[in-house]
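Peer 1: Sequence and computational prediction follow.
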Amino acid sequence: MNRVKIVVAGPRGNMGKEAVKMVTETNEFDLVAVVDSKNDGMNLSEIDGFHGIEARVYTDIHKCFEELEVDVLIDLTAPAFGKKHMEAAFAKGVRPVVGTTGFTEEDIEELRTIAEEKSLGAIIAPNFAIGAILMMKFSQMAAKYLADVEIIERHHDRKLDAPSGTAVKTAQLISEVRAAKSQGHPNETEELKGARGADFEGMRIHSVRLPGLVAHQEVIFGGVGQTLTIRHDSINRTSFMPGVKLAVESVLRIDTLIYGLEHIIE
Ligand SMILES: NC(=O)C1=CN([C@@H]2O[C@H](COP(=O)(O)OP(=O)(O)OC[C@H]3O[C@@H](n4cnc5c(N)ncnc54)[C@H](OP(=O)(O)O)[C@@H]3O)[C@@H](O)[C@H]2O)C=CC1
Ligand SMILES: O=C(O)C1=N[C@H](C(=O)O)C[C@H](O)C1
């Protein structure tokens, strides 16, 4: 089998650094370039923390795909860029594996249409950690029996988007089995705006941002005389890398867009 030619976008970020390491440590993968917000034209090996890792740095993703032969883009950048980077990849026949969060349902549908028109695989995974996928699946299972549910997600304070992509995906999976339902007292009021969190079909989502945190989520169900809490913690970013690797291998074998790693793991 030919080695998979990979570009990582966002290499200096928390996730990008781990992805560069995973790609360079995987025998079947070749890191052919990185797309960064700065350092155009440099070699990655010249940048702190990447000593000995040879890859050209581009700031223009279009130029990168113009000049190089690329199989897969791993995008770990910021909500404002994920969609643009996917469109740039599709335009050049590159298959995107995207961990960047902040996509709307409309974005995903638009991107799925492009992927299918071009018969290109694409994966958007709001969370690559196997434990987080299980947390979401178990939550969906529990919601069949306990329809009152609130999500509390906790992240580091450098995170740009709220709620997290994982919290949104969890709410979407739950809504597949739970009829929309307004929770709490019918006459409740918020004395401070936002006190009851974001409203997803009546489910409440609360976002905590603090230094010291990595990525954590609790899904709390309430029933008569009981509660059930399903919790996942990513203690560091290595937790996401087996999922990124699996997504790169899988994206080569599909010709549509898959949203959520649960569709690959099953
Ligand atoms: N799916 C999953 O399992 C996970 C997803 N995420 C998501 O991944 C994304 C990145 O997270 P994280 O690594 O913590 O964030 P960081 O802020 O640590 O890293 C983002 C990196 O992307 C760079 N960047 C920003 N814009 C561009 C651009 N246009 N082209 C190239 N590089 C760019 C930033 O550079 P600069 O600082 O110079 O702007 C930075 O180095 C977020 O959307 C986050 O929600 C995070 C963890 C797990
Ligand atoms: O920004 C992060 O850190 C994370 N982002 C993803 C999300 O928005 O769900 C995945 C994980 O929670 C870490």
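Peer 2: The structure has been received and is ready for your questions. Ligands and ions are numbered 1, 2, ... in the order given.
Peer 1: Please verify my assumption that Ile133 contacts Ile264.
Peer 2: No. The criterion here is Cβ atoms under 8 Å, and Ile133 misses it with Ile264 at 9.3 Å. C-betas here are computed from N, CA, C, even on glycine.
Peer 1: between the two, which one's more packed in?
Peer 2: Ile133 (24 against 18; other Cβ atoms under 10 Å).
Peer 1: Surely the more buried one is within a strand?
Peer 2: No. Applying DSSP: H, G, I helix; E, B strand; the rest coil, one finds Ile133 to be helix, outside a strand.
Peer 1: quick one: it and Ile205, what's the gap?
Peer 2: The gap separating Ile133 from Ile205 is 18 Å, by Cβ to Cβ, to the nearest Å.
Peer 1: how many neighbours does the closest residue to Glu116 other than its chain neighbours have?
Peer 2: Spatially, and ignoring its direct neighbours in sequence, Glu116 is nearest to Thr256 (5.4 Å; Cβ to Cβ, 6 or more residues apart in numbering). When neighbours are defined as other Cβ under 10 Å, Thr256 has 13 of them.
Peer 1: quick one: contacts for Thr256?
Peer 2: Applying Cβ atoms under 8 Å, 6 or more residues apart in numbering to Thr256 gives the contacts Arg112, Ala115, Glu116, Gly121, Ala122.
Peer 1: is it true that Gly131 touches Ile235?
Peer 2: No. Assessed by Cβ under 8 Å, Gly131 is found out of contact with Ile235, at 10.2 Å.
Peer 1: So those two - more neighbours on which side?
Peer 2: Gly131 (13 against 9).
Peer 1: Identify the residue spatially nearest to that one, adjacent ones excluded.
Peer 2: His232 (4.9 Å).
Peer 1: Could you do Lys38 as well?
Peer 2: Of all residues not flanking Lys38 in the chain, Thr59 sits nearest, at 6.5 Å (Cβ to Cβ, 6+ apart).
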